[in-house]
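Peer 1: Predicted model follows, preceded by the sequence.
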Amino acid sequence: METSLGKTSSKQATAGTPGFLAQKQQKKGIQSLISSYIQDALAILLCLPLLVVMVLIVVAAFTPNTAINRGQLFSAFTLENFRIALKSANFGLLYWNTFLYTFGLLAVQLVTVTLAAFALTRLRYRGRETIFYLIFLQLFLPPVALILPNFFLLKRLQLADTLVGLALPYIASATGIFLLRQGFKSIPPEFDDAAYVDGATPLQLLWYVHLPMIKPHLAAFSVVSLVYHWNEFLWPLIATSSASKRVLSVGLASFTRSAESGAEWGLIAAGTVLVAAPLAVLFIVFQDFFVRSFSQSGIKG
């Protein structure tokens, strides 16, 4: 009995020694490192098909069309595809319309979703949760189901074939309200009490206290909104009819239709690069900020 008790106590003493704890921590660190390597490898495997397509498009954009038709992608280098693409379509106007549409819409969205999310979390009134769930239900509606009602509404308002009408259905975003609401809910209520004691109004509380704390959520929503509306095709195709109001996605579609008839794949690739380049450059320049914003806001994937 005494021997077994002695062995037990010696084991407990060994488990409590600094060397044993350090060995245990080292083992956990190795397991965590292996797990992170496996996750990175799986992420690379999932992204590999997309990366291959992107590389092929970029290479084709700088390859003569005759070489592409012979299957010789890496045989020569040329800027002729970009010169022809810029002459074939009015990319200057397409860029201008797209910038006005996406960034103008984002500016309005940041105001509407911030005020709505603030009212749904920090102001006290009856029916607040009911209003939020009614807004949340919009997320379950497929966007395609709202295209015809929105188009008929624009017709009645005489805003069809205008950039204002193009942006009108998106000025209030249920996704943005939900995301910012989560950010506001993470702020302790003691900040509100202290601000109100000092005589602050709700708008002052929002501007000076809450907005600096939800910057990651605002940045994350801005990225989601810009990428979605920059690449959106179906709604701009229906809502605009004149060439002077087209955005890049619709302009690229009409441009590629004419190029496909001549099997000018290098020209199509050059047009695709011209459309995707601004967002790609924006992401590369602000990559660390975007990644940090998404991680702090809680968005994954």
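Peer 2: Alright, I've got the coordinates. Not measured: the values here are computed from a predicted model.

Peer 1: pLDDT weak spots in the stretch 101-250 of the chain?
Peer 2: Along the stretch 101-250 of the chain, segments meeting pLDDT under 70 are nowhere present.

Peer 1: again, only using 90
Peer 2: 124-125, 136-146, 172, 186, 215-216, 219-220, 223-224, 241, 243 (pLDDT under 90).

Peer 1: can you pull out the helices in it?
Peer 2: 128-136, 147-157, 163-167, 174-185, 190-197, 202-204, 211-213, 215-231, 234-239, 248-260 (DSSP state H, counting those that start in this stretch).

Peer 1: Columns mean neighbour count and distance to D288 on top of the ones you listed, output as TSV?
Peer 2: Bear in mind the C-beta positions are built from the backbone N, C-alpha and C, glycine included. As requested, these are arranged in TSV below (neighbours: other CB atoms under 10 Å; distance: least, CB to CB, whole Å):
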stretch	mean neighbour count	distance to D288
helix 128-136	13	32
helix 147-157	13	37
helix 163-167	20	30
helix 174-185	21	20
helix 190-197	13	28
helix 202-204	13	32
helix 211-213	12	19
helix 215-231	19	12
helix 234-239	18	32
helix 248-260	18	27
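
Peer 1: how about the ones you listed in JSON lines, adding distance to V275?
Peer 2: Rendered in JSON lines, the data for the helices of the stretch 101-250 of the chain read as follows (distance: least, CB to CB, whole Å):
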{"stretch": "helix 128-136", "distance to V275": "32"}
{"stretch": "helix 147-157", "distance to V275": "22"}
{"stretch": "helix 163-167", "distance to V275": "17"}
{"stretch": "helix 174-185", "distance to V275": "24"}
{"stretch": "helix 190-197", "distance to V275": "43"}
{"stretch": "helix 202-204", "distance to V275": "39"}
{"stretch": "helix 211-213", "distance to V275": "33"}
{"stretch": "helix 215-231", "distance to V275": "8"}
{"stretch": "helix 234-239", "distance to V275": "13"}
{"stretch": "helix 248-260", "distance to V275": "5"}
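
Peer 1: Of all the ones you listed, which one comes closest to N81?
Peer 2: Closest approach to N81 among the helices of the stretch 101-250 of the chain (CB to CB): helix 248-260, 9.8 Å.

Peer 1: Which elements pack onto the closest one?
Peer 2: With contacts taken as 3 or more CB pairs under 8 Å, 6 or more residues apart in numbering; DSSP states H and E, helix 248-260 sits against helix 80-88, helix 91-121, helix 215-231, helix 234-239, helix 265-285.

Peer 1: and the host helix or strand of I34, how far from the chain's centre?
Peer 2: Using DSSP states H and E, the element containing I34 is helix 18-61. Counting by CA atoms, centre = their mean, to the nearest Å, helix 18-61 is centred 22 Å from the centre of its parent chain.

Peer 1: Report the mean per-residue pLDDT for it.
Peer 2: Rounded to a whole number, the mean pLDDT of helix 18-61 is 80.

Peer 1: got a list of what F178 touches?
Peer 2: Residues in contact with F178, defined by CB atoms under 8 Å, 6 or more residues apart in numbering, are 117, 135-136, 139.

Peer 1: returning to what we had before: among the helices of the stretch 101-250 of the chain, single out whichever gets nearest to D40.
Peer 2: Relative to D40, the nearest member of the helices of the stretch 101-250 of the chain by CB to CB is helix 215-231, separated by 22.1 Å.

Peer 1: tell me the contacts of the spatially most central residue of the chain?
Peer 2: The chain has V224 as the residue nearest its centroid, 2.5 Å off, counting by CA atoms, centre = their mean. Neighbour list for V224: T175 [criterion: CB under 8 Å, 6+ apart].

Peer 1: ok, it to P236 distance?
Peer 2: Computed with CB to CB, to the nearest Å, the distance linking V224 and P236 is 18 Å.

Peer 1: Repeat that for K155.
Peer 2: Computed with CB to CB, the distance linking K155 and P236 is 16 Å.

Peer 1: what does V227 give?
Peer 2: With CB to CB as the criterion, V227 and P236 are 15 Å apart.

Peer 1: how about L73, secondary structure?
Peer 2: coil (DSSP: H, G, I helix; E, B strand; the rest coil).

Peer 1: from what I can see it touches P64, true?
Peer 2: No - in this structure L73 lies outside contact range of P64 using CB atoms under 8 Å: 10.3 Å.

Peer 1: which parts of stretch 51-64 are buried?
Peer 2: Applying a neighbour-count criterion of 16 or more other CB atoms under 10 Å, the buried positions in stretch 51-64 are 57-58, 60-64.
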